[in-house]
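>>> Give me a 3D structure for the following:
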Amino acid sequence: MPEFPRSGPALEADVRSLAFHPQPLIHEFLYKQLVMMLAADPGAGKSVVATQIALSVASGIPLFGVLPVEQPSKVYYLQLEGHYAEFIERIRYMQRDLQTINYGNLAWDTSAYLNVLKDTHADALLQRIQAWAIPDLIVLDPIYMAVSGGLSKDEPASAFARFSNRLRQTFGCAILLVHHTHRTQYLNGQEVQEDDPFYGSQWLKAHVDIAYHLKVQNAEHSRVNLVCTKARGKNVHKVLALHYHPETFTCSLDYEAKSGDAMTRLISFASRCKSEGKVTDFYETASKIQVSHAHLRRLQGDTSFPLYFNVVKAGGKKHLWIPC
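Residues are numbered from 1 along each chain as shown. Predicted coordinates:
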């Protein structure tokens with residue numbers, strides 16, 4: 001770690017060369033040292049998805065059958081609600097689809113009574129985790145059970161953010177926060193459709209690096225979408241269209257992201273633009289290949305980028321992307 005404060009030549013050198021590239025646990029989805037929130041309405045299946053994420057990371061199994069997991073990693077799952085036996089039964093069914101689960105990389109904890117407003121509770125949890133291993137991912141499910149006073153209030157939300165940061169700084173791990181959305185809003189008797197029905201203090205929202213909203217798409221719950229509502233400069237999929245399989249409590253990906261990583265999708269989009277005689281721009285490209293603006297800037301800096309697009313200034317600050 002550098003010494004702070006930074007100034008003069010040291011600060012200038014950081015501007016020239018310092019970069020933050022967190023290690024992916026799941027490519028283009030979940031990163032070490034970052035906080036992700038998975039939110040959904042009650043009964044939408046957020047704990048089911050969180051469990052599949054945990055099993056995939058622990059076992060090195062591609063998430064949803066497609067998204068690559070970097071390597072099998074340690075996962076600590078703090079189950080703060082529900083019966084332990086119910087989760088175990090769910091995993092038993094999941095194993096039929098996922099086949100090989102690395103239970104040595106997985107710790108399940110239902111014993112914690114946690115109130116993050118009390119330092120003694122946080123101390124006890126950190127000691128329990130350290131007694132097991134140094135995790136690469138900690139899952140807190142659901143987070144409202146970790147706070148006395150409710151996450152809509154600033155003081156409990158700030159205390160939770162400090163607790164989450166303490167976990168991250170102690171273990172250098174990713175944090176997955178399982179949360180619920182706010183109550184459905186109605187206008188003139190009609191349900192209001194929201195892109196991000198976030199519930200809680202803005203301090204909590206500011207704390208999160210990546211956020212996904214799990215949205216059920218049909219009455220049978222057989223199709224659900226994971227929609228990214230926040231991606232603080234990180235390369236993540238904007239939308240993941242999932243099929244839910246009730247026989248195994250698992251989801252599989254039904255999405256054109258199967259065609260490859262971000263650069264592969266960029267090349268494919270450039271080829272399509274060229275064949276159609278189409279000129280595009282930064283914003284459309286980011287939307288079409290489903291990457292964040294920050295990651296598209298990284299792709300633009302790749303030495304191979306000029307092979308696919310020629311960026312031309314077109315008056316003012318606007319730039320046109322012309323396929324090569």
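>>> Residue 175 sits in which helix or strand?
Secondary-structure element containing residue 175, defined by DSSP states H and E: strand 174-180.
>>> Kindly format the C-alpha coordinates of that strand as PDB.
Presented in PDB, the C-alpha positions along strand 174-180 are these (Å, rounded to 0.1, in the frame of the first residue of the first chain):
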ATOM      1  CA  ALA A 174     -15.900  -9.700  -2.700                       C
ATOM      2  CA  ILE A 175     -19.200  -9.100  -0.800                       C
ATOM      3  CA  LEU A 176     -22.600 -10.200  -2.200                       C
ATOM      4  CA  LEU A 177     -25.500  -8.400  -0.500                       C
ATOM      5  CA  VAL A 178     -28.900 -10.000  -0.900                       C
ATOM      6  CA  HIS A 179     -31.600  -7.400  -0.500                       C
ATOM      7  CA  HIS A 180     -35.300  -6.700  -1.200                       C
END
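>>> Flag the shaky bits of the stretch 101-250 of the chain, pLDDT-wise.
For the stretch 101-250 of the chain, the stretches flagged by pLDDT under 70 are 112, 183-195, 233.
>>> related to what we said a few turns ago, return the list of helices and strands in contact with the strand holding residue 175.
Contact partners of strand 174-180 among helices and strands, from 3 or more C-beta pairs under 8 Å, 6 or more residues apart in numbering; DSSP states H and E: strand 30-31, strand 35-40, helix 46-59, strand 137-141, helix 154-171. Bear in mind the C-beta positions are built from the backbone N, C-alpha and C, glycine included.
>>> partners of the fourth one in the sheet?
Read that as strand 137-141. Taking DSSP bridges as the criterion, strand 137-141 sits next to strand 75-79 (parallel), strand 174-180 (parallel) in its sheet.
>>> Quick one: closest of these to residue 105.
Distance to residue 105, taken as C-beta to C-beta, is lowest for strand 75-79 among the strands paired with strand 137-141, at 6.2 Å.
>>> following the closest one, which helix or strand comes up?
helix 84-98.
>>> Which residues outside that following helix are in contact with it?
Applying C-beta atoms under 8 Å, 6 or more residues apart in numbering, the external contacts of helix 84-98 come out as 47-48, 51-52, 55-56, 59, 61, 79, 101, 108, 110, 245, 247-250.
>>> Using CSV, lay out the helices and strands packed on strand 174-180 together with mean neighbour count and distance to residue 83.
Shown next, in CSV, are the helices and strands packed on strand 174-180 (neighbours: other C-beta atoms under 10 Å; distance: least, C-beta to C-beta, whole Å):
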stretch, mean neighbour count, distance to residue 83
strand 30-31, 24, 27
strand 35-40, 24, 20
helix 46-59, 24, 12
strand 137-141, 25, 13
helix 154-171, 18, 24
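>>> would you turn those into a markdown table with distance to residue 216?
Shown next, in a markdown table, are the helices and strands packed on strand 174-180 (distance: least, C-beta to C-beta, whole Å):
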| stretch | distance to residue 216 |
| --- | --- |
| strand 30-31 | 22 |
| strand 35-40 | 8 |
| helix 46-59 | 11 |
| strand 137-141 | 18 |
| helix 154-171 | 27 |
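>>> How much space separates residue 125 from residue 318?
51 Å (C-beta to C-beta, to the nearest Å).
>>> more crowded one of these two?
Comparing residue 125 with residue 318 by other C-beta atoms under 10 Å, the one with more neighbours is residue 125, at 24 against 10.
>>> The more buried one and residue 113 touch, don't they?
No. Using C-beta atoms under 8 Å, residue 125 makes no contact with residue 113, being 9.9 Å away.
>>> Can you show me the strands along the stretch 201-324 of the chain?
Secondary structure of the stretch 201-324 of the chain by DSSP state E, counting those that start in this stretch: the strands cover 210-216, 223-231, 239-245, 250-253, 309-313, 319-323.
>>> before we move on, back to that, could you list the residues in contact with the strand holding residue 175?
Outside strand 174-180, the residues touching it (C-beta under 8 Å, 6+ apart) are 25, 30-42, 46-47, 50, 53-54, 136-144, 151, 164, 167-168, 199-200, 208.
>>> Could you check how many residues crowd around the nearest residue to residue 265 once chain neighbours are set aside?
Nearest non-adjacent residue to residue 265, counting by C-beta to C-beta, 6 or more residues apart in numbering: residue 289, 4.1 Å away. When neighbours are counted by other C-beta under 10 Å, residue 289 registers 23.
>>> just the one 10 residues further on next, same as before
Residue 299 has 21 neighbouring residues, counting by other C-beta under 10 Å.
>>> For residue 253, see how far away residue 238 is.
In terms of C-beta to C-beta, residue 238 sits 14 Å off from residue 253.
>>> what's the answer for residue 70, then?
17 Å.
>>> Show me which of those two is the more surrounded one.
Of the pair residue 70 and residue 253, residue 253 is the one with more neighbours under other C-beta under 10 Å, namely 19 against 16.
>>> List the contacts of that one.
Contacts of residue 253 (C-beta under 8 Å, 6+ apart): 64, 65, 66, 67, 240, 241, 242, 243.
>>> Tell me which residues touch residue 140, please.
78, 80, 146, 164, 175, 176, 177, 178.
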